[in-house]
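*Asks:* Based on what follows, work out the 3D shape:
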Amino acid sequence: MEYCEATPATTTTTTSSPQSISPNSSNSSSPPPPPNTPTPQVVISPCAACKILRRRCADKCVLAPYFPPTEPAKFTIAHRVFGASNIIKFLQELPESQRADAVSSMVYEASARIRDPVYGCAGAICQLQKQVNELQAQLAKAQAEVVNMQLQQANLVALLCMEVAQSPQPNSQQSVDTFINSLQSYQSNPIFMEENNLGSLWEPLWT
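*Replies:* Residues are numbered from 1 along each chain as shown. The predicted structure is shown next:
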């Protein structure tokens, strides 16, 4: 009888080595997709005209360039006097280069009409014209006075020059003789004589 020894079976465990990823693989060549970031929405506020009229402001609104949302009173004044339809119609008939001046004129005229319902801007223009006329009259008067003073100064200088040219230079003896002659002329004056007579009449009272 034969006996055989059973040898235990040895189990070998093999660990799989990590596979090397080649750089040419498709996974490494494509970058990861970027996250979906929501684009910010730009909120455009309507112009002051469309906001007051409570309507949607279109992209090519005629009133938007001249009535910004920060100046609602500007459109309120013009709309109160002229009306929105008239303003739009008037701006559409003008070229774009003249629309800004037209809006400024309408706002000014509407403000004047609100202040003065009877005359409006015509009353303000008349008042300003009156002030201009008064100032022009004052300016003309001042200019005439300046010219008159200049003529007087020129005449005075001319007379002084003529006197200096005609009269010789007086010496001291001539000045003394002139003074004596002037005294004699004053003594021969009857008014001077009357004063002397009055003085002689008062002399006995003091003696």
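*Asks:* how much space between Q136 and M149?
*Replies:* 21 Å (C-beta to C-beta, to the nearest Å). (Glycine included, C-beta is placed from N, CA and C.)
*Asks:* for A64, same thing?
*Replies:* Computed with C-beta to C-beta, the distance linking A64 and M149 is 61 Å.
*Asks:* the more surrounded of the two?
*Replies:* Higher neighbour count among A64 and M149: A64, with 18 against 10, using other C-beta atoms under 10 Å.
*Asks:* Kindly indicate whether that one is helix, strand or coil.
*Replies:* Look at A64: counting by DSSP: H, G, I helix; E, B strand; the rest coil, its state is coil.
*Asks:* pLDDT value on it, please?
*Replies:* If you check A64, the pLDDT there is 89.
*Asks:* tell me the mean pLDDT for the longest helix along the chain?
*Replies:* In the chain, taking DSSP state H as the definition, the longest helix is helix 121-166. For helix 121-166, mean pLDDT rounds to 92.
*Asks:* which ones are touching the residue nearest to Y66 when sequence neighbours are not counted?
*Replies:* The spatial neighbour of Y66 that comes closest, neighbours along the chain excluded (C-beta to C-beta, 6 or more residues apart in numbering), is V103 at 4.3 Å. Contact analysis of V103 by C-beta atoms under 8 Å, 6 or more residues apart in numbering lists Y66, F67, A78, L91.
*Asks:* before we move on, which element is V103 in?
*Replies:* Secondary structure from DSSP states H and E places V103 in helix 96-115.
*Asks:* List the buried residues of that helix.
*Replies:* R99, V103, M106, V107, E109, A110, S111, A112, R113 (16 or more other C-beta atoms under 10 Å).
*Asks:* No further questions, thank you.
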